[in-house]
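# fold the following and give me the result.
(chains A and B)
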Amino acid sequence: MKLDRGRTAVQELGRGALAHEETGEFETKLMRINVGPQHPSTHGVLRLVVDLDGERIVRLTPQIGYLHTGFEKTMENRTYQQVVTYSNRMDYAHSFGHDLAYVLSAEQLVDAKVPERAQRVRVLLTELNRMASHLLFLGTGILDMGALTLFFYTMRERERIQQLFEMVTGVRMNYGYFRVGGLSYDLPEGFVEKTRAFLDDFPKMVEQYADMFAKNDIFVNRTKGIGVIPPETAIANGLTGPSLRASGIALDQRKAAPYSGYEDYDFDVPTSTAGDANARIMVRFAEFEQSAKICRQALDRLEPGPIKDPDRRISLPPRSELETSMEAVIFHFKLVTEGFHPPRAESYVATESARGELGYHLVSDGGSMPYRVKIRVPSLVNLQSLEAACIGGLFADMVVNIASIDPVMGDVDK
Amino acid sequence: MSAGPADRAGDKVAALTEALAQLGAERADQLSGAILVVPRAAIHQAAATAREHGFDLLLDVFAIDWLAYPGHPGPRFSVSYHVHSVAANERCSLRVHLDDGDALPTVTDVWPAAAFMEREVYDLFGVAFDGHPDLRKLVTPEDLEGHPLRKDFPLGESPTLFNDGRFLDPATFRAGMIGTSEGRTGWVGGARKGVVSAAPEADGKGGDA
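Numbering: from 1, shown residues only, chains lettered A, B, ... in the order given. As a prediction, this is how the structure comes out:
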């Protein structure tokens, strides 16, 4: 039913009342409501146009693009190493995931040999970032349901992870620490001990959360059976990541096609068969433990060693060499001014970000800038499942569904 | 390290290749994985065949504008459908080449997930999809004309005129970087005086900068 824009809401209401007097029946109309883009529960600038029949949602259309920055076009005009500056700016909650996806794809193009230590550090930081991302998800998600307290606790833990990242990269957002061929520089002193201390404390904190929300009746009643996405619908709509695993499909790229040495780590992929908002939250909650497990294994296996591909055509020579070696200066100059030239090819490496499958499709034309960058962002595709989750449900539950699908708008709009 | 294409294309992809060969499809694998180039007329049928072969998860639909690709022989655009089989854990891409102005049939009836992806391609490349239920722009503003990811869409940078009369326009600057023109700085000899720019339109337009 189309909303008649010529009439005011009061006139419409009056018409309905009149019809009621004449026929003894209420004339019902669909009501179209606009949510956002500036709304605290939309986790950024997401606009939803919702058609309501009473309190029930009949149709829901996401309107996006408010954060569209044209990253793909920008990346096509930057050298391969410069792209790292941009890749982490999309999904600001899981920056390392984007960096990793990009460098893996670029390394496939140039066939870089990434040293063991660099791979361990990458896995360690990406998993810590996954925990930070899920902490943010949990805090803000439960906040949307009206529970304020947990937010402060999750932020407390996230702050410790942020401090670890600050220690390594010098910044708290948009880290840009990975490089094609390895890492920018080695880990600072004391990082391993501080990370271990955090990982030792973390299980106690997770237990605290479980007491605070997971066993809470109000939370369970608010999320159980809400926004059910059956597995067939989830796959048809292209859902990936923890939200898909909550619908009973154990698809995780870390297991399906291991990268960065994930095949050597011992971890499980938490799944649930319920497919509702509760399952989506609890699957992410269960991932804390698995990520922490991977982090501990990465720390145990962290041996001293090189952190970059020694190939001078890809990675910068160490600073010390610049003073003694003419070749090093030449390679340094070539890399900084021009960058490296991968052969003509196309590459794509699927990675598992905190939100789903993330990958960079790169097309090289032999120049020092990618000819085409296509980013397969999980949030954009996952957002298509929001309608399936919301249809037939209450309007008030829409907020729970948005929170449980966990879109990051920077990741949606690119 | 990273999983190569061989790891992700097995029996299912082989069976699909065989089935699609009847439609005139050819394999053109890349590092990114198995790619099946399908004739434009057969793309919808190829998509339906892929779905029947168990490729149930559509990961991505994306276009490439080959306009500036050195030595590219075929039509200007290509659109790729990246599909994954959840049960078999295999994946491949269907690819179709098309000229500017050509439309493709939508695959939203095969994979509903294509709704946003096709809108993105339509928005950024101007490739229309016949039969799409809601073919509108996805990310760019309503009042933006043109399709920003096309290779001939300008970046909106300002050319720079140096004090010594040397003129540098960004497009040429980058062309130097990727090796399609003389040099990245715009210098072609005459380091100190009598400077000549590598930019072809430098002479007449220098004053506009």
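# let me know how buried A:Asp300 is, in neighbour terms.
By other C-beta atoms under 10 Å in any protein chain shown, 10 other residues sit near A:Asp300. Every C-beta, even on glycine, is put in place using the N, C-alpha and C of the backbone.
# doesn't A:Leu150 make contact with A:Phe213?
Yes. At 5.6 Å, A:Phe213 and A:Leu150 qualify as touching, with contact defined as C-beta atoms under 8 Å.
# find residues that contact each of the two.
A:Leu138, A:Ile142 (C-beta atoms under 8 Å, 6 or more residues apart in numbering or on different chains).
# now for the helix or strand A:Phe288 falls within, which elements pack on it?
Here A:Phe288, judged by DSSP states H and E, is contained in helix A:277-300. The criterion is 3 or more C-beta pairs under 8 Å, 6 or more residues apart in numbering or on different chains; DSSP states H and E, and the helices and strands that helix A:277-300 contacts are helix A:116-144, helix A:191-209, helix A:217-223, helix A:242-245, helix A:398-405.
# what angle sits between it and helix A:191-209?
With axes from the mean of the first three to the mean of the last three C-alpha atoms, to 10 degrees defining the directions, helix A:277-300 sits at 160 degrees from helix A:191-209.
# ok, back up a step: nearest to chain B, of the helices and strands packed on helix A:277-300?
Minimum separation from chain B across the helices and strands packed on helix A:277-300 (C-beta to the nearest C-beta) falls at helix A:116-144, 7.8 Å.
# quick one: the strands in the chain?
Chain wasn't specified; assuming chain A. In chain A, the strands defined using DSSP state E lie at A:31-35, A:47-53, A:56-63, A:178-179, A:182-183, A:345-347, A:351-352, A:357-364, A:372-376.
# hmm, I had chain B in mind actually
Using DSSP E, the strands assigned to chain B run over residues B:26-27, B:34-37, B:57-65, B:77-85, B:90-98, B:104-105, B:129-130, B:160-161, B:167-168.
# what about the last one and chain A, any contact?
Pointing back at strand B:167-168 there. No. Using C-beta under 8 Å from any C-beta of the partner chain as the criterion, no contacts between strand B:167-168 and chain A are found, and the smallest distance is 14.9 Å.
# again with the third one
Yes. If you take C-beta under 8 Å from any C-beta as the test, strand B:57-65 does meet chain A, through B:Leu57, B:Leu58, B:Leu59, B:Asp60, B:Phe62, B:Ile64, B:Asp65.
# adding distance to A:Glu189, write those out as CSV.
Supplementary listing: the residues of strand B:57-65 next to chain A in CSV, determined by distance: C-beta to C-beta, whole Å:
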residue, distance to A:Glu189
B:Leu57, 45
B:Leu58, 47
B:Leu59, 42
B:Asp60, 42
B:Phe62, 44
B:Ile64, 46
B:Asp65, 48
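# mind giving me the domain split of chain B?
What the record gives for chain B is the domain set B:5-143, B:156-209, from automatic domain parsing.
# check contacts around A:Asp186.
A:Asp186 makes contacts with A:Ile307, as judged by C-beta under 8 Å, 6+ apart.
# for A:Lys224, see how far away it is.
From A:Asp186 across to A:Lys224, the span is 47 Å (C-beta to C-beta, to the nearest Å).
# thinking again about what came up before, which of the strands of chain B sits closest to A:Pro407?
strand B:57-65 (16.8 Å; C-beta to C-beta).
# can you list the strands that that closest one pairs with?
The strands that strand B:57-65 pairs with in its sheet are strand B:77-85 (antiparallel) (by DSSP bridges).
# by how many degrees do the partner strand and strand A:372-376 diverge?
For strand B:77-85 against strand A:372-376, the angle by the same axes, to 10 degrees is 30 degrees.
# contact partners of strand B:77-85?
Under the criterion C-beta under 8 Å, 6+ apart, residues A:348, A:361, A:376, B:12, B:35, B:47, B:50, B:53-66, B:90-100, B:102, B:104, B:107, B:111, B:114, B:121, B:125, B:127 lie in contact with strand B:77-85.
# how far does it sit from the chain's center?
Mean C-alpha position of strand B:77-85 versus that of the full chain (C-alpha atoms, centre = their mean, to the nearest Å) differs by 11 Å.
# now stretch A:340-347
Going by C-alpha atoms, centre = their mean, where stretch A:340-347 is centred and where its chain is centred differ by 27 Å.
# cool, and stretch B:99-110?
On the basis of C-alpha atoms, centre = their mean, stretch B:99-110 sits 15 Å off its chain's mean C-alpha point.
# sorry, back to before: can I get the domains of chain B in TSV including mean pLDDT and mean neighbour count?
TSV is the format used below for the domains of chain B (pLDDT from 0 to 100; neighbours: other C-beta atoms under 10 Å in any protein chain shown):
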stretch	mean pLDDT	mean neighbour count
domain B:5-143	89	19
domain B:156-209	54	15
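# B:Pro70 and chain A, how far apart?
Using C-beta to the nearest C-beta, to the nearest Å, one obtains 6 Å as the distance from B:Pro70 to chain A.
# which residues does the residue nearest to that residue when sequence neighbours are not counted contact?
Here the nearest residue to B:Pro70 in space, its sequence neighbours aside, is A:Asp365; by C-beta to C-beta, 6 or more residues apart in numbering or on different chains that works out to 5.9 Å. For A:Asp365, the contacting residues are A:Arg344, A:Tyr371, B:Ala68, B:Tyr69, B:Pro70, B:Ile178, by C-beta under 8 Å, 6+ apart.
# and A:Leu244, how many neighbours does it have?
The burial metric for A:Leu244, expressed as a neighbour count using other C-beta under 10 Å, is 30.
# does it touch A:Thr233 like I think?
No. Distance between A:Leu244 and A:Thr233: 10.7 Å, which falls outside the contact criterion (C-beta under 8 Å).
# among the contacts of A:Asp365, which one lies nearest to A:Gly65?
Here the nearest of the contacts of A:Asp365 to A:Gly65, counting by C-beta to C-beta, is A:Tyr371; it sits at 24.7 Å.
# was I right about that closest one contacting A:Glu346?
No. Using C-beta under 8 Å as the test, A:Tyr371 is too far from A:Glu346 to be in contact (9.2 Å).
# hey, what's the spatially most central residue of chain B bridged with?
Central residue check for chain B by C-alpha atoms, centre = their mean: the C-alpha nearest the mean position is that of B:Ile64, 1.0 Å away. In this structure, B:Ile64 has the following beta-bridge partners (DSSP bridges): B:Ser78.
# that one contacts A:Leu362, correct?
No. The pair B:Ile64 / A:Leu362 is not scored as a contact, 10.9 Å apart, by C-beta under 8 Å.
# what's the overlap in contacts for these two?
With contacts defined as C-beta under 8 Å, 6+ apart, the residues shared by B:Ile64 and A:Leu362 are A:Arg372.
# need the overlap of contacts for A:Tyr371 and A:Glu346.
When contacts are counted by C-beta under 8 Å, 6+ apart, A:Tyr371 and A:Glu346 are jointly contacted by A:Val363, A:Ser364.
# for chain B, what's the nearest residue on the stretch 201-350 of chain A?
Among the residues of the stretch 201-350 of chain A, A:Gly238 lies closest to chain B, at 3.0 Å counting by C-beta to the nearest C-beta.
# distance of that residue relative to B:Trp111?
When A:Gly238 is compared with B:Trp111 (using C-beta to C-beta), they lie 7 Å apart.
# many thanks, I have nothing further to ask.
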